[in-house]
Each structure stands twice: as structure tokens, then as C-alpha cells.
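Visitor: Starting from these lines, generate the structure:
(one chain, ligands or ions: 1)
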Amino acid sequence: MSAVLDSLKFLSQGFRNGNTVGAVWPSSRSLCEAMVRPVIGGAQGPLRVLEVGAGVGPVTAELTQRLLPGDHLDVVELNATFCTTLNARFAGATPVTPIIHNADILKFDPGFRYHHIVSGLPLANFPAELSEAIYARFFELLEPGGTLIMFHHILGREVIRMFGPPKDRKRARQLMELEERLAPLVVGRHDVLLNMPPARVLVRRRPTGPGYDET
Ligand SMILES: C[S@@+](CC[C@H](N)C(=O)[O-])C[C@H]1O[C@@H](n2cnc3c(N)ncnc32)[C@H](O)[C@@H]1O
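Guide: I've put the predicted structure just below:
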């Protein structure tokens with residue numbers, strides 16, 4: 001029942017804040033599992049994980065259940081209504097209780113870096129300069145060798161680029177060009193058809209070489 005209420009809350013915020021929320025229904029279980037799979041299994045020792053843009057928390061739920069005691073999970077969510085829901089939903093969650101930050105990712109500074117960043121930010125809705133700034137911030141916040149796990153709706157960018165109004169077409173083209181420049185960083189790709197609409201998960205790894213490892 002509470003899952004239905006959370007989904008309705010997401011729907012309502014999606015209609016009110018379309019540009020920042022970027023969807024009207026939370027991600028499916030299959031998509032959440034695909035987003036979290038690269039985080040678990042493999043890494044040694046306690047993990048530092050950041051989730052950005054949690055909405056009502058379907059990916060957060062998967063993370064809190066799949067991470068191990070001793071791992072650290074920060075969640076950064078811009079929307080105050082969603083943060084109230086997240087705080088109520090995940091208070092005392094085990095094995096890992098997330099720390100919810102009601103903040104803009106561009107202004108969030110934890111003072112350390114993460115092994116993994118998981119994000120559902122709707123970049124296709126954002127001006128190109130904002131997407132560029134967000135990618136730069138993600139890579140600043142990642143340990144060298146850390147992974148950035150994101151999803152987007154399959155064909156969403158192409159449809160906007162071909163059929164959207166001129167302003168949106170330009171924005172979609174710029175985002176696709178930006179992501180093309182990041183293509184060498186892609187180390188994993190997984191299409192999830194059981195989502196509304198179908199989605200593609202991309203895993204990018206922050207290189208350890210010059211330009212990414214400056215501090
Ligand atoms: C498409 S929803 C994803 C929700 C959830 N992860 C899911 O998969 O169902 C995007 C979320 O990003 C949040 N958001 C947008 N811009 C943000 C920013 N600059 N910093 C942090 N969160 C942001 C929105 O409020 C929204 O909850």
C-alpha cells in the first residue's frame with residue numbers, strides 16, 4: 001500500500017516539477033536491480049556509495065538491502081517532499097541506513113570521494129551546460145577507478161532530437177555529443193525492457209590517468 005502511495009506522490013511531483021523530476025512513475029524493480037548490480041560483489045572492504053536523485057527511493061531500497069554492514073550510503077535529492085518520504089521510509093533501514101541530504105548535487109560537498117555514484121538524474125531535461133557541470137561534478141566526487149552508474153530512457157534523446165521543438169532538439173544534440181565524448185569511459189551497458197519506458201543502464205569508470213586524477 002505504501003508503495004502505491006509513494007508512486008502517487010512521485011506522479012504528483014512529476015507533474016509539478018517536470019523538468020527536475022523527469023518522469024511520472026518510479027523505476028521498476030528490474031531497472032533498480034540493474035542499477036545496483038555494478039555496486040555489489042567484487043569490491044573489497046567498506047564501500048562509499050552516493051545516490052543522486054532518489055525520488056521516492058526505489059533504487060535506495062535496493063541499495064540499503066544489498067550493501068553490507070559498514071558500507072556508507074549518502075543520498076542527495078533536490079526535492080524536499082521526496083526527502084521527507086525518504087527520511088520516513090529509510091529511518092533505521094538495515095543493513096545500511098542511508099543519510100539523506102536535501103541538496104543540489106552541484107552544491108553538495110561531503111569532503112571525500114565515493115567508490116560508486118548511482119544516478120537517475122533526467123539529463124535530457126536539463127540545459128546542456130547543466131548536464132556538463134553535473135558530469136564534471138560526478139567525476140570530481142568519484143575515486144579514480146570508481147564507477148558512475150546512470151540510466152536513460154532508450155531512444156528518449158533521439159526522439160527529442162528528431163521530433164522535439166527546435167530548442168529541445170538542440171539540447172538533445174548537445175547532450176548526445178557530450179555523452180559521445182564520454183563513450184571511452186563506458187565499461188558496462190544493460191538494456192532493461194521491463195520499465196516504463198524501457199531504459200538503458202550505462203556504467204562509466206573514472207580513469208586513473210592525468211586529467212581525472214588531479215588532486
Ligand atoms: C527521474 S527521477 C529518478 C527517481 C528515482 N531514482 C527512480 O529511479 O525512480 C530524478 C530525480 O532527480 C532529482 N533531481 C533533479 N535535479 C537534481 C539535482 N540537481 N540534485 C539532486 N537531485 C536532483 C529529482 O528531484 C528527482 O527526484
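Visitor: Neighbouring strands of the longest strand belonging to the chain in the sheet, and parallel or not?
Guide: As assigned by DSSP state E, the longest strand anywhere in the chain is strand 142-153. Under the criterion DSSP bridges, strand 142-153 sits next to strand 114-119 (parallel), strand 199-205 (antiparallel) in its sheet.
Visitor: mind exporting the first one as PDB, just the C-alpha atoms?
Guide: Going back to what we said before, that points to strand 114-119. Taking Å, rounded to 0.1, in the frame of the first residue of the first chain, the C-alpha atoms of strand 114-119 are listed here in PDB:
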ATOM      1  CA  TYR A 114      33.000   7.700  -3.500                       C
ATOM      2  CA  HIS A 115      33.700   4.200  -4.900                       C
ATOM      3  CA  HIS A 116      30.300   4.300  -6.800                       C
ATOM      4  CA  ILE A 117      27.800   7.000  -7.800                       C
ATOM      5  CA  VAL A 118      24.300   5.900  -8.800                       C
ATOM      6  CA  SER A 119      22.200   8.500 -10.500                       C
END
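Visitor: Residues of this protein that sit close to the ligand?
Guide: Contact residues (Cβ under 6 Å from any ligand atom) of the chain with the ligand: 20-23, 26-27, 52-55, 58-59, 76-79, 82, 104-105, 120-122. For glycine as for every other residue, the C-beta is placed from the backbone atoms N, C-alpha and C.
Visitor: The spatially closest residue to Asn17 that is not a sequence neighbour: how many residues sit nearby?
Guide: Distance criterion Cβ to Cβ, 6 or more residues apart in numbering; nearest residue to Asn17, sequence neighbours excluded, is Asn79 at 6.5 Å. Burial of Asn79 is recorded as 20 neighbouring residues (other Cβ atoms under 10 Å).
Visitor: Now do the contacts for Asn79.
Guide: For Asn79, the contacting residues are Gln13, Asn17, Thr20, Val21, Gly55, Asn102, by Cβ atoms under 8 Å, 6 or more residues apart in numbering.
Visitor: Now distance to Ala133 too, for the strands paired with strand 142-153, in TSV please.
Guide: TSV is the format used below for the strands paired with strand 142-153 (distance: least, Cβ to Cβ, whole Å):
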stretch	distance to Ala133
strand 114-119	14
strand 199-205	16
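Visitor: quick one, which of the ones you listed is packed in tightest?
Guide: strand 114-119 (a mean of 24; mean count of other Cβ atoms under 10 Å).
Visitor: Quick one: residues in contact with that one.
Guide: With contact meaning Cβ under 8 Å, 6+ apart, strand 114-119 is reached by 35-36, 38-39, 43, 47-53, 59, 63, 74, 138, 141-143, 146-150.
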